[in-house]
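Novice: I need the structure of the sequence given here:
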Amino acid sequence: MSTISTTVSVSGMTCGHCISSVSEELESLAGVEAVDVDLNAGGISTVTITSSQELSPSEIGEAVAEAGYLVVANEA
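Specialist: Numbering: from 1, shown residues only. So this is what the prediction gives:
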């Protein structure tokens, strides 16, 4: 089974607690197998989501917003 890797930029994350909040919300989405956060405290952090199915930008955005952060434009 192939996996899909989706990378999003998230602003407002500053610490380990932020990472766990965002990871927890994203991991609750259907098909998500792993969440890897490259924290840039106070700046734009890179979040890579590994999933078994395609995730819509709105699903990801809502999960990140649920954790209290914001997905910033990622035109990739």
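
Novice: Every contact and neighbour count from this point should use C-alpha atoms.
Specialist: Noted.

Novice: How about the residue nearest to the spatial centre of the chain: what's its closest non-neighbour residue?
Specialist: The centroid of the chain falls nearest to V47 when counting by C-alpha atoms, centre = their mean (4.6 Å). Nearest non-adjacent residue to V47, counting by C-alpha to C-alpha, 6 or more residues apart in numbering: V37, 4.5 Å away.

Novice: where does that neighbour fall, phi/psi-wise?
Specialist: The phi/psi pair for V37 (degrees, to the nearest 10) reads phi -110, psi 130.

Novice: Quick one: list the elements packing against the helix or strand where I60 lies.
Specialist: Per DSSP states H and E: I60 is located in helix 57-66. Secondary-structure packing of helix 57-66 (3 or more C-alpha pairs under 8 Å, 6 or more residues apart in numbering; DSSP states H and E): helix 16-27, strand 70-72.

Novice: circling back: okay, and the beta partners of the residue nearest to the centre of the chain?
Specialist: V8, V37 (DSSP bridges).

Novice: isn't it right next to T7, touching?
Specialist: Yes: V47 is within contact range of T7, at 5.6 Å (criterion: C-alpha atoms under 8 Å).

Novice: Other residues contacting the helix holding I60?
Specialist: Under the contact criterion C-alpha atoms under 8 Å, 6 or more residues apart in numbering, helix 57-66 has outside partners V10, V22, E25, L26, L29, L70, V71.

Novice: Leaving out the residues flanking it, which one is nearest to the last one?
Specialist: Computed as C-alpha to C-alpha, 6+ apart, the closest residue to V71 that is not its neighbour in sequence is V10, at 4.4 Å.

Novice: How about D36?
Specialist: Using C-alpha to C-alpha, 6+ apart and skipping the chain neighbours, the partner closest in space to D36 is T48 (5.1 Å).

Novice: so how far is I4 from that neighbour?
Specialist: Distance of T48 to I4, given as C-alpha to C-alpha, to the nearest Å: 10 Å.

Novice: again with T14
Specialist: Per C-alpha to C-alpha, T14 is found 27 Å from I4.
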